[in-house]
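*Asks:* Only the shape, not the letters, is given here:
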């Protein structure tokens with residue numbers, strides 16, 4: 001067996017051992033359940049931390065469509081003032097109610113201006129990956145803040 005598996009198994013066993021004695025507390029009163037900034041949401045259709053993090057991350061771009069139930073945010077074309085001959089358009093899809101890396105998908109389109117015409121250009125995969133990392137990091141920070149405030 002791998003050392004990583006054994007380490008995870010040991011941590012899980014310790015967690016179970018720590019929780020088992022709590023089941024023997026025979027209180028008749030229903031104890032309130034703690035809300036540790038749950039990763040799931042109930043008021044919108046997608047994870048609220050991913051949703052807020054995406055909106056904050058893309059706040060500098062004009063938005064064309066936002067659908068919190070479907071989890072889709074579409075921006076309009078945005079040209080950085082430092083490079084006006086290039087513009088980007090993004091579509092971010094939040095695919096789940098859980099705060100997980102695979103619950104986020106970013107698609108980017110890029111165009112460059114050639115002789116007054118906008119022409120499609122490739123987007124580096126690293127650009128999309130970096131944007132996903134920024135959104136996920138911000139979502140985790142939002143979740144940590146919610147836990148700390150609670």
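*Replies:* Yep, it's here. Only a predicted model underlies this, so the values are computations on that prediction, with no experimental measurement involved.

*Asks:* which residues does the residue nearest the centre of the chain contact?
*Replies:* Centroid-nearest residue in the chain, with CA atoms, centre = their mean: residue 50, separated by 3.4 Å. Remark: with contacts taken as CB atoms under 8 Å, 6 or more residues apart in numbering, residue 50 is in contact with 94, 99, 103, 104, 135, 136, 139. C-beta: built from backbone N, CA, C; applies to glycine.

*Asks:* can I assume the fifth one sits in a helix?
*Replies:* Yes: inclusion of residue 135 in a helix is indicated when DSSP: H, G, I helix; E, B strand; the rest coil is applied.

*Asks:* And for the closest residue to residue 62 other than its chain neighbours, the neighbour number?
*Replies:* Nearest in space to residue 62, with sequence neighbours left out and distances taken as CB to CB, 6 or more residues apart in numbering, is residue 76 at 4.2 Å. Residues near residue 76, counting by other CB atoms under 10 Å, number 12.

*Asks:* ok, residue 76 to residue 129 distance?
*Replies:* Separation of residue 76 from residue 129 (CB to CB, to the nearest Å): 23 Å.

*Asks:* and the closest residue to residue 67 other than its chain neighbours, how many neighbours?
*Replies:* The shortest distance from residue 67 to any non-neighbouring residue, by CB to CB, 6+ apart, is to residue 73 (7.8 Å). Burial of residue 73 is recorded as 23 neighbouring residues (other CB under 10 Å).
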